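A.B. asks: Attaching a predicted model along with its sequence, questions to come.
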Amino acid sequence: MIVAWLLEDMLADLGCAVIGPAASVNRALAMIDAEAIDAAVLDVNLNGQMSYPIADVLAARGVPFVFSTGYGKDRLLGRLPHLSCDAEAVSPVGTGRYARATVGP
């Protein structure tokens, strides 16, 4: 959860309106249904639940997202082969670059 708070602060500093963090798949899906989401940062593991259902919903809605995770890209692409993977984007520094490129300066 500490990494989520750090990312939340970093994104807020970039001018993003942060919704979350969500500690479970169900909570994240409820947030997606309740809010207009421009982009998302996902961890693969949310308290033992894999966040792939969240990624599936975001992809179906055309919402850009990035995984910020300690898992390697091979594990991500094994489950989501239709996605491209930038190895740097899964790190907190890469996530910041992604956010700036996706939602503004």
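C.D. replies: Sure thing, it's come through.
A.B. asks: which regions of this structure lie under the pLDDT threshold?
C.D. replies: With pLDDT under 70 as the threshold, the chain has low-confidence stretches at 1-3, 71-105.
A.B. asks: So which residues of it form helices?
C.D. replies: With DSSP state H as the definition, the chain shows helices at residue ranges 2-13, 25-34, 52-60, 73-79, 92-103.
A.B. asks: CA atoms of the first one as CSV?
C.D. replies: Pointing back at helix 2-13 there. Only the C-alpha atoms of helix 2-13 are listed here, as CSV (Å, rounded to 0.1, in the frame of the first residue of the first chain):
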residue,chain,number,x,y,z
ILE,A,2,3.0,2.3,0.6
VAL,A,3,3.8,2.2,-3.1
ALA,A,4,0.2,3.1,-4.0
TRP,A,5,0.4,6.1,-1.7
LEU,A,6,3.7,7.2,-3.3
LEU,A,7,2.2,6.9,-6.7
GLU,A,8,-0.9,8.8,-5.6
ASP,A,9,1.2,11.7,-4.4
MET,A,10,3.3,11.7,-7.5
LEU,A,11,0.3,11.7,-9.8
ALA,A,12,-1.4,14.5,-7.7
ASP,A,13,1.8,16.5,-8.1
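A.B. asks: So which other helices or strands are in contact with it?
C.D. replies: Here helix 2-13 is seen to pack against helix 92-103 when contacts are counted using 3 or more CB pairs under 8 Å, 6 or more residues apart in numbering; DSSP states H and E. All C-beta spots, glycine's among them, are computed from the backbone N, C-alpha and C.
A.B. asks: didn't residue 22 look like it was pressed against residue 31?
C.D. replies: Yes. Applying CB atoms under 8 Å, one finds residue 22 in contact with residue 31, separated by 5.7 Å.
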